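A.B. asks: everything below, folded, please.
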Amino acid sequence: MAVRIVLHQDPGAVLLERTPPCPEIAAEPARLEVRSRKPQVAVDRTDYWDAVSVRRPVELGAHLHELAVAAAIEAIGRISAEGDRLSQIENPNNTIAGVAEGEMAPDEVELTLRTAPPPVISVTPGGVEIEVTPGPLRIEWPEAPLRIEVRRAQVTVDTDVPPTVDRAA
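C.D. replies: Below you'll find the model as predicted:
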């Protein structure tokens, strides 16, 4: 009778299981700051006003007051003189033409022209300032779990031995 031996082999194994990492990314938005300056224009007309006799508001008010007082006094005098002239029309030696001749303006007029300095103009150009501040970027890589499973190799031996009786003994 023959002994039968059966070997069963179960190979070992290493099982690696890893979850792929998922990075967490957070970005804050960038900051954009725009500042603009408008152009500035300054006109200095002081020399021009002085040359053409332009007065400041207070000076002009005082001057107009003086002119108004003088004009009122002159008007009173003119009205009085005209009354005197009208009374002279009745005088046989005075004609109406003679009275009217006294009212006429003189023939000559004097006109004086002079140059005035131009106003001083200064210009300050405007501009635009742009400032960009990039937002920070935050990246976090969490640890990914790693699972390792080891299975040992096995060899199973089965023997099939028939029962025998030793008769010789």
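
A.B. asks: Val14: how many residues sit nearby?
C.D. replies: Counted with other Cβ atoms under 10 Å, the neighbours of Val14 add up to 8. Placement of C-beta: from N, CA and C, glycine included.

A.B. asks: start at 41 instead
C.D. replies: Sure, I'll start numbering at 41, so the last one becomes Val54.

A.B. asks: distance of it from Pro61?
C.D. replies: For Val54, the distance to Pro61 (Cβ to Cβ, to the nearest Å) stands at 21 Å.

A.B. asks: then Glu171?
C.D. replies: Relative to Pro61, and taking Cβ to Cβ, Glu171 is found at 37 Å.

A.B. asks: now do Ala70
C.D. replies: Ala70 is 27 Å from Pro61, where distance means Cβ to Cβ.

A.B. asks: on that earlier part again, show me which of Glu171 and Pro61 is the more surrounded one.
C.D. replies: Pro61 (12 against 9).

A.B. asks: quick one, longest helix in the chain?
C.D. replies: When the chain is parsed with DSSP state H, its longest helix is helix 97-128.

A.B. asks: helices or strands up against that one?
C.D. replies: helix 136-141 (3 or more Cβ pairs under 8 Å, 6 or more residues apart in numbering; DSSP states H and E).

A.B. asks: next SSE downstream of the worst-scoring helix or strand of the chain on mean pLDDT?
C.D. replies: Least confident helix or strand, the chain: helix 136-141 with a mean of 65, by mean pLDDT, DSSP states H and E. Next in sequence after helix 136-141, counting helices and strands by DSSP states H and E, comes strand 160-164.

A.B. asks: pLDDT of that next one, averaged?
C.D. replies: Summarised as a single mean, pLDDT over strand 160-164 is 90.

A.B. asks: right, I'll leave it there.
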